[in-house]
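Q: Next come a sequence and a model predicted from it.
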Amino acid sequence: MSRKKTSKSKGASTPAASTLPATNGPRPARSGTARPGLDAPPNGPLQPGRPSLGGGGDFYDVAFKVMLVGDSGVGKTCLLVRFKDGAFLAGTFISTVGIDFRNKVLDVDGVKVKLQMWDTAGQERFRSVTHAYYRDAHALLLLYDVTNKASFDNIQAWLAEIHEYAQHDVALMLLGNKVDSAHERVVKREDGEKLAKEYGLPFMETSAKTGLNVDLAFTAIAKELKQRSMKTPSEPRFRLHDYVKREGRGASCCRP
Ligand SMILES: Nc1nc2c(ncn2[C@@H]2O[C@H](COP(=O)(O)OP(=O)(O)OP(=O)(O)O)[C@@H](O)[C@H]2O)c(=O)[nH]1
Ligand SMILES: [Mg+2]
């Protein structure tokens, strides 16, 4: 298997974001040029990505697109930043405009898996922009905020949207974010579990603030996608549901 190189995902803003109206305190696209289809083809045979033209960066074997979706304010950008940079974006909430992406290469059982992670805007007015990117996604992380009941109630509408625009075999995971805010919690863990069970989704509660289950969510997706793309007959089948159930930590558990 040839090993490819990836850029550090810094540079020009996304074409989608740069052409969109910048109102209501937009978060400018910061991390790369949004070009769907650059490395990972839509759910077809998953291939190594092309070498970066930008120079510098890590090598990788396979590349996949992971998209974060959910209502505005649920913590998509913060989750991504926590995973990519190990930091929490506290302070003023700056809503994402259009779409943005960041790359990270993970070592999954000796295979370098590049995740190209697409951070979408949750605001309704950017929905048509987001729709255009669904079809290229290999995986979707669907988030709600455990302190915001409406964001939980909207999950079914998000699932309908996913059903309409994403590939039918897209890997999907439901995440209840902000579990560090125990006093403000209005969505119980059991409610998230029940909804996930109803739709057959793997489920975890996360906190972009403390980092709880954040690496695990992305690692689980990377394992699933890697397994789908290069499964060898001798390899035991990776079970995403079982993995997150086994590895996920409760909100009351140890702080990282
Ligand atoms: N306590 C707590 N606050 C969080 C967490 N994640 C995000 N926040 C806060 O929630 C607000 C919204 O976070 P964002 O990540 O910008 O939300 P978003 O989903 O990207 O929103 P849009 O870009 O508008 O779609 C910010 O003020 C964050 O600091 C978390 O895990 N815990
Ligand atoms: Mg955002």
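A: All right, it came through fine. Ligands and ions are numbered 1, 2, ... in the order given.

Q: how about stretch 188-202 as PDB, C-alpha atoms only?
A: Output of stretch 188-202 as PDB, limited to C-alpha atoms (Å, rounded to 0.1, in the frame of the first residue of the first chain):
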ATOM      1  CA  LYS A 188     -31.300  12.500  30.300                       C
ATOM      2  CA  ARG A 189     -28.800   9.900  29.200                       C
ATOM      3  CA  GLU A 190     -31.500   7.300  29.000                       C
ATOM      4  CA  ASP A 191     -33.500   9.500  26.500                       C
ATOM      5  CA  GLY A 192     -30.500   9.700  24.200                       C
ATOM      6  CA  GLU A 193     -30.000   5.900  24.500                       C
ATOM      7  CA  LYS A 194     -33.700   5.300  23.800                       C
ATOM      8  CA  LEU A 195     -33.600   7.500  20.700                       C
ATOM      9  CA  ALA A 196     -30.400   5.900  19.500                       C
ATOM     10  CA  LYS A 197     -31.800   2.400  20.000                       C
ATOM     11  CA  GLU A 198     -35.000   3.400  18.100                       C
ATOM     12  CA  TYR A 199     -32.900   4.300  15.100                       C
ATOM     13  CA  GLY A 200     -30.200   1.700  15.500                       C
ATOM     14  CA  LEU A 201     -27.500   4.200  16.100                       C
ATOM     15  CA  PRO A 202     -24.300   4.000  18.200                       C
END
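
Q: for it, what is the average pLDDT?
A: Across stretch 188-202, the average pLDDT comes to 96.

Q: That one: which residues count as buried?
A: R189, G192, E193, L195, A196, L201, P202 (16 or more other CB atoms under 10 Å). For the C-beta atoms, the positions are set from N, CA and C on the backbone; glycine is no exception.

Q: Could you do stretch 179-188 as well?
A: Residues V179, D180, S181, R185, V187 are the ones in stretch 179-188 that count as buried (16+ other CB under 10 Å).

Q: Export these as TSV, with columns for distance to ligand 1 and secondary structure.
A: Output for these, formatted as TSV (distance: CB to the nearest ligand atom, whole Å; DSSP: H, G, I helix; E, B strand; the rest coil):
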residue	distance to ligand 1	secondary structure
V179	7	coil
D180	5	coil
S181	5	coil
R185	11	coil
V187	13	coil
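
Q: Just flag the most distant two among those.
A: Greatest spatial distance in the buried residues of stretch 179-188: D180 and V187, 14.0 Å, computed using CB to CB.

Q: Packing partners of the strand or helix carrying S229?
A: In the assignment (DSSP states H and E), S229 maps to helix 214-230. Packing partners of helix 214-230 (3 or more CB pairs under 8 Å, 6 or more residues apart in numbering; DSSP states H and E): strand 62-70, helix 76-85, strand 99-108, strand 111-120, strand 139-145, strand 171-177, helix 240-247.
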